[in-house]
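Trainee: Provide a 3D model corresponding to the input given below.
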Amino acid sequence: MGKQEYIYLVGETLGEVLEMVRQKNNDYTAGTEDPFSNFRLATLEGVEPEVGLMIRVQDKMQRLRTYISRGELMVEGEGFEDAIHDIIGYMLILKGMMTERGN
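Mentor: Residues are numbered from 1 along each chain as shown. Predicted structure coming up:
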């Protein structure tokens, strides 16, 4: 892969992630104005929202580890790209939560 192909891949991926974040944020927050409402529910279990988010990221990281070691994933219709897109989305959510918090 050359530089131009890589830059194209990055742009394409960011567009896909933006659309995924729009859709999932609406679904997971029940259309509320709080983009982090589903993560705030972690406090009901005594877990900080950011920690709950990082646990979800580790789930995605484990899927990638499985893919790297086995070359496949068992869930039909979900490839390594889905896990990568989810991780990027989670990192954007984390950035938003930390920015909101004033970190």
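
Trainee: the strands in the chain, which residues?
Mentor: Here the chain has no strands by DSSP state E.

Trainee: longest helix of it?
Mentor: helix 3-28 (DSSP state H).

Trainee: now that one, how far from the centre of its chain.
Mentor: Centroid separation for helix 3-28 versus its chain: 11 Å, with C-alpha atoms, centre = their mean, to the nearest Å.

Trainee: could we number from 591 for the rest of this?
Mentor: All set: I'll call the first residue 591, so the last point we hit is now helix 593-618.

Trainee: against which helices or strands is that helix packed?
Mentor: Counting contacts by 3 or more C-beta pairs under 8 Å, 6 or more residues apart in numbering; DSSP states H and E, helix 593-618 is packed against helix 670-691. (Each C-beta comes from the backbone N, C-alpha and C, glycine too.)

Trainee: how big is the angle separating the helix it packs on from helix 593-618?
Mentor: Counting by axes from the mean of the first three to the mean of the last three C-alpha atoms, to 10 degrees, helix 670-691 lies at 70 degrees to helix 593-618.

Trainee: chain center to helix 670-691: distance?
Mentor: 4 Å.

Trainee: what of stretch 612-628?
Mentor: Taking mean C-alpha positions (C-alpha atoms, centre = their mean), stretch 612-628 and its chain are 13 Å apart.

Trainee: flag the shaky bits of this structure, pLDDT-wise.
Mentor: Scanning the chain for pLDDT under 70 picks out 693.

Trainee: and residue 619, how far is that from residue 628?
Mentor: 6 Å (C-beta to C-beta, to the nearest Å).

Trainee: same check, this time on residue 610
Mentor: Residue 610 is 15 Å from residue 628, by C-beta to C-beta.

Trainee: again with residue 649
Mentor: 15 Å.
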